[in-house]
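In: model this:
(one chain, ligands or ions: 1)
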Amino acid sequence: MNRNELITALRDLPAGRRIITALDVPGQDQALELAGRLGPAGGFVKVGLELYSAAGPDVVRRLQELQRDIFLDLKYHDIPNTVASAAKIAATLGASLCTMHAGNGRGAMTAAAEALAAAPVHPVTGRRPALLAVTVLTSLSEDEMQEVSPSGDLLQDRVERMATLAWESGCDGLVCSAADLPRLRQTIGQEPLIVTPGIRPAGAAANDQHRVTTPREAMDSGADFLVIGRPITQAPDPAAALAAIAAELD
Ligand code: C5P
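Out: Residues are numbered from 1 along each chain as shown. Here you go, the predicted model:
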C-alpha cells in the first residue's frame with residue numbers, strides 16, 4: 001500500500017473514528033476494562049510506553065480482538081536496522097499508526113519507512129501501519145532544546161526542519177501540538193497525516209497540559225487524528241464523553 005493510498009484511507013475515516021483514546025494505564029487488565037467501557041464506538045486507542053512496558057505485544061493483540069485500531073506510540077529512537085526491525089513488528093501486530101523520533105535522522109526514517117512499505121498488509125486492518133515522526137517533544141522548552149543541541153534554530157524552526165526531513169524521508173505524517181499546526185501546515189502542505197495531543201473539550205480541566213485546544217479547533221487547524229486521554233478516560237461514563245466529542249466534530 002503506497003503512502004498516498006494509506007494516508008487517504010486513514011483520513012477518510014469518519015471524524016468520530018479519528019479520536020484516539022489514550023489508554024494511559026499500567027496494565028493489561030485496566031486497558032481492556034477501559035477499552036470495554038468505551039463501547040463499540042471507541043475505535044482508536046493509544047498504547048504508549050507505560051502500557052506497552054507493562055503488558056507487551058499481547059495487549060495489542062487483545063485490543064484487536066475487541067475491534068480496536070491501535071496507535072502504537074513507542075517513539076523509536078535507535079540505529080536504522082533496529083528501528084526498521086521494530087517497525088516490522090508493529091506491522092505484524094496490526095498497529096494502524098506507529099511513531100519514531102525525527103532526530104533519528106534521514107537514514108533511520110528511510111529504513112523504517114521502507115520496512116513498512118514492504119510489510120504485508122495486515123489481515124484484520126487491511127493496512128500497514130502509518131509511520132509518524134515526532135519532531136521536537138512538545139514538553140521541551142526553548143532553553144532545554146538549546147541546552148541539548150545549541151543552534152541558531154528556534155524551537156519552531158526546528159519543528160519545521162524536522163517535519164520537512166521526516167516527510168522527505170518517507171514518513172507518512174507527524175505528531176505535533178495544535179498550537180504549531182497552522183504554521184506547520186503552511187510549511188509541509190496538506191498531504192502529511194497529523195496526529196495532535198493536548199486536546200481539551202470546552203470546559204474540561206487542562207490537567208498538566210499547558211497549551212490546550214478544543215477538538216473542533218484542532219481539526220480546523222489541520223489535525224487528522226486527535227489523541228485524548230483524561231477527558232475521556234476519567235469521565236464517569238467514558239463512552240458518553242467520547243460520543244459527545246465525536247458529535248462536536250461530525
Ligand atoms: O490525558 P491527556 O489528554 O493529557 O493525554 C494525552 C496523551 O497524549 C497522553 O498519552 C500523552 O502521553 C500524549 N502526549 C501529550 N503531549 C505530547 C505528546 C503526547 O499529551 N506532546
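
In: end-to-end on stretch 29-47?
Out: 13 Å (Cα to Cα, to the nearest Å).

In: what's that stretch in contact with?
Out: For stretch 29-47, contacts defined as Cβ atoms under 8 Å, 6 or more residues apart in numbering pick out 13, 16-25, 51, 55, 59-60, 62-63, 66-73, 96, 225, 227, 229, 232-233, 237-239, 242-243, 246. Glycine gets a C-beta too; all of them are placed from N, C-alpha and C.

In: Can you give me the buried ones in that stretch?
Out: Going by neighbour count (16 or more other Cβ atoms under 10 Å), the buried part of stretch 29-47 is 30-32, 34-35, 37-38, 42-47.

In: for it, the distance to its chain's centre please.
Out: 16 Å (Cα atoms, centre = their mean, to the nearest Å).

In: and what of stretch 238-250?
Out: 19 Å.

In: buried residues in it?
Out: 238-239, 241-243, 245-246, 249.

In: Need the max-distance pair from the residues you listed.
Out: Greatest spacing in the buried residues of stretch 238-250, by Cβ to Cβ: P238 and L249 (16.8 Å).

In: Touching, D224 and V195? I think so.
Out: Yes. The criterion here is Cβ atoms under 8 Å, and D224 meets it with V195 at 6.8 Å.

In: residues shared between the contacts of those two?
Out: Common neighbours of D224 and V195, using Cβ under 8 Å, 6+ apart, are G173.

In: So for this structure, which residue is the most central one in space?
Out: V195 (5.0 Å; Cα atoms, centre = their mean).

In: That one: what secondary structure?
Out: strand (DSSP: H, G, I helix; E, B strand; the rest coil).

In: What residue, apart from its backbone neighbours, is nearest it spatially?
Out: Leaving aside its chain neighbours, V195 sits nearest to F225 (4.3 Å; criterion: Cβ to Cβ, 6 or more residues apart in numbering).

In: residues in contact with the one you found?
Out: For F225, counting by Cβ under 8 Å, 6+ apart, the contacting residues are 10, 18-20, 44, 71, 97, 193-196.

In: Kindly recompute the last result at 7 Å.
Out: 18, 20, 195 (Cβ atoms under 7 Å, 6 or more residues apart in numbering).

In: quick one: is the helix or strand where P57 lies near the ligand?
Out: Using DSSP states H and E, the element containing P57 is helix 49-65. No. Remark: helix 49-65 sits outside contact range of the ligand, by Cβ under 6 Å from any ligand atom, the gap being at least 8.3 Å.
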